[in-house]
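A.B. asks: prediction below, plus the sequence it came from.
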Amino acid sequence: MEFPFLLLSALLGILLGAFANYAASAWAWTPRRENPWCASGWTPPWWYRIPVIGWLGMRKETARFGRRVWLRPLLVELAMAAFAVWFFQKSVAGPAVLLFVNEIPVTPTAVWSLVARFIFQMLFVALMLAASLIDFDEKTIPDRITIGGTLFALICACIFPLDLGTYRLGNSDLPLTIAPVNGLLDFPLTQMETGDDFLVPLTASAPNPPLDVLRSPFGGSFGLISALVCWWGWCFALMDRRWRTGRGTVWAWRIFWLRLLRTRSTRRLFYLGEFGTFAIIFFWMQAGPQWVSLWSALLGMGISGAFIWMVRIGGKLALDREAMGFGDVTLMAMFGAFLGWQPCVVLFFIAPFAGILLGLLLILLFKDPEIPFGPFLCAAALLTMLYWPMLWALTMPIFKLGSLLVTLGLGLWLLMVLLLSLILWVEKKLGIVP
């Protein structure tokens with residue numbers, strides 16, 4: 001790929017890294033005033049706001065903010081630049097060459113669709129990076145990132161369906177990553193024929209055959225009902241809810257509904273829910289590519305968020321304390337809107353392995369037993385996004401279980417609660433915890 005494209009990719013990475021640094025400073029619960037873009041109590045020179053270069057200038061401000069305050073933001077922007085160049089070669093240059101070598105018709109729309117997907121995925125990476133930085137600093141994940149990111153993914157699904165994962169039916173030596181972006185290519189939605197193989201976008205009904213998927217549930221009421229349930233479930237999850245049982249369950253229910261109905265944010269979320277309902281019904285009536293993509297994004301959001309919410313509830317029941325913050329729930333819902341629910345199930349089981357070494361390192365360095373789970377979810381989401389074709393080939397037999405997955409999930413959830421309860425009981429017996 002020509003040098004100008006790689007240079008533009010690096011520039012995009014630097015800008016998105018600068019955005020992540022700004023979000024980590026301005027959107028945190030306690031804003032950090034050392035960032036030149038949100039400075040408070042001091043007036044930085046104009047060139048401090050230039051990515052990379054400005055952080056080198058911040059070395060002069062050690063007396064004001066301490067040593068190495070400039071180092072992490074600088075490394076973030078440089079790392080994003082390097083990742084963008086590598087990812088561009090992997091997701092755009094490589095697939096474009098493979099399409100040409102295998103004599104698959106390539107149009108300008110096809111090439112630009114790969115670029116569009118690259119930008120879409122880079123924005124997703126930037127949001128995950130910002131969430132991770134804030135979670136490391138404060139053990140919180142702001143709603144600005146998770147809610148804004150979720151809405152952004154849903155809007156993209158409506159305007160031009162962008163699928164981050166693909167799967168295949170039949171046999172082929174072609175890499176799965178060359179499958180076209182749904183809705184932006186001069187190919188039909190359901191298939192791109194390559195010999196004996198069909199490469200299709202990942203939908204919420206996978207691994208069902210694509211032709212069956214188009215006939216049902218998108219043509220019936222199930223798709224509409226499930227989409228509305230996921231949408232309103234997400235809106236309800238964001239409302240200001242309080243559950244206090246100190247004075248009994250009846251009183252707890254009364255306070256729950258009174259606070260919920262009187263809070264101003266509830267009205268705003270209700271209006272958002274109404275607007276989203278009209279949009280969902282509109283695209284459902286169209287029954288086109290946008291509806292397929294929107295339905296998949298909504299189910300990804302709903303199932304992924306509910307999955308991690310159940311884990312949070314189970315941890316609370318077993319340990320009698322918060323096992324993870326609600327920001328992890330909204331973060332997982334954002335992952336589902338971007339990736340779909342199948343990748344989110346896979347990444348949840350990858351996250352503990354992604355965090356073992358880093359978690360132990362943080363415990364040894366900072367002596368803090370409470371390790372934020374959000375960054376490990378983000379690391380697992382990144383790995384899943386990059387290597388989804390391989391992961392799908394390994395996990396597709398599990399997803400073929402269909403409705404049995406629900407029973408399997410409930411069984412694993414119950415086992416998790418029992419194991420956590422057992423661990424807590426052993427710790428109390430050994431005197432590790434009071």
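C.D. replies: Looks like it came in fine. Numbering: from 1, shown residues only.
A.B. asks: what's the neighbour count on L405?
C.D. replies: A count of nearby residues for L405, using other Cβ atoms under 10 Å, gives 14. C-betas here are computed from N, CA, C, even on glycine.
A.B. asks: please, which helix or strand holds it?
C.D. replies: helix 404-429 (DSSP states H and E).
A.B. asks: mean confidence score for that helix?
C.D. replies: Mean per-residue pLDDT for helix 404-429: 84.
A.B. asks: ditto for stretch 114-134
C.D. replies: Here the average pLDDT along stretch 114-134 is 91.
A.B. asks: just the CA atoms of it, as PDB, please.
C.D. replies: Provided in PDB are the C-alpha atoms of stretch 114-134 (Å, rounded to 0.1, in the frame of the first residue of the first chain):
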ATOM      1  CA  LEU A 114     -13.000  -1.500   3.600                       C
ATOM      2  CA  VAL A 115     -11.600   2.000   4.500                       C
ATOM      3  CA  ALA A 116     -15.000   2.800   6.100                       C
ATOM      4  CA  ARG A 117     -14.900  -0.300   8.200                       C
ATOM      5  CA  PHE A 118     -11.300   0.500   9.200                       C
ATOM      6  CA  ILE A 119     -12.300   3.900  10.500                       C
ATOM      7  CA  PHE A 120     -15.400   2.500  12.200                       C
ATOM      8  CA  GLN A 121     -13.200  -0.100  14.100                       C
ATOM      9  CA  MET A 122     -10.600   2.500  14.900                       C
ATOM     10  CA  LEU A 123     -13.200   4.700  16.600                       C
ATOM     11  CA  PHE A 124     -14.300   1.600  18.500                       C
ATOM     12  CA  VAL A 125     -10.700   1.100  19.700                       C
ATOM     13  CA  ALA A 126     -10.400   4.700  20.700                       C
ATOM     14  CA  LEU A 127     -13.600   4.400  22.900                       C
ATOM     15  CA  MET A 128     -12.200   1.300  24.500                       C
ATOM     16  CA  LEU A 129      -8.900   3.000  25.200                       C
ATOM     17  CA  ALA A 130     -10.500   6.000  26.800                       C
ATOM     18  CA  ALA A 131     -12.700   3.700  29.000                       C
ATOM     19  CA  SER A 132      -9.700   1.700  30.000                       C
ATOM     20  CA  LEU A 133      -7.600   4.800  31.000                       C
ATOM     21  CA  ILE A 134     -10.400   6.200  33.200                       C
END
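A.B. asks: which residues does the residue positioned nearest the centre of the chain contact?
C.D. replies: Closest residue to the average C-alpha location of the chain: F335 at 2.2 Å, with Cα atoms, centre = their mean. By Cβ atoms under 8 Å, 6 or more residues apart in numbering, the contact list for F335 reads 300, 304, 343-344, 347, 377, 381.
A.B. asks: show me where the stretch 251-400 of the chain has strands.
C.D. replies: Taking DSSP state E, counting those that start in this stretch as the criterion, the stretch 251-400 of the chain contains no strands.
A.B. asks: which stretches of it have low pLDDT?
C.D. replies: Low-confidence segments of the stretch 251-400 of the chain, defined by pLDDT under 70: 357, 359, 362-363, 365-370.
A.B. asks: before we move on, the earlier item: hmm, which two among the contacts of F335 are most spread apart?
C.D. replies: Greatest spacing in the contacts of F335, by Cβ to Cβ: G300 and L377 (14.6 Å).
A.B. asks: got the contact list for the helix or strand hosting A18?
C.D. replies: Taking DSSP H and E as the definition, A18 sits inside helix 3-26. Identification of contacts with helix 3-26 by Cβ under 8 Å, 6+ apart yields 31-35, 37-38, 51-52, 73, 76-85, 87-89, 92-93, 118-119, 122-123, 125-126, 129-130, 133-134, 137, 144-145.
A.B. asks: buried sites along it?
C.D. replies: 6, 9-10, 12-26 (16 or more other Cβ atoms under 10 Å).
A.B. asks: now do stretch 228-242
C.D. replies: 228, 230-235, 237-239.
A.B. asks: among the residues you listed, which ones are in strands?
C.D. replies: Among the buried residues of stretch 228-242, DSSP state E puts none in strands.
A.B. asks: and which of the residues you listed is nearest to R267?
C.D. replies: Nearest member of these to R267, counting by Cβ to Cβ, is M239, at 9.9 Å.
A.B. asks: sweet, I'm off.
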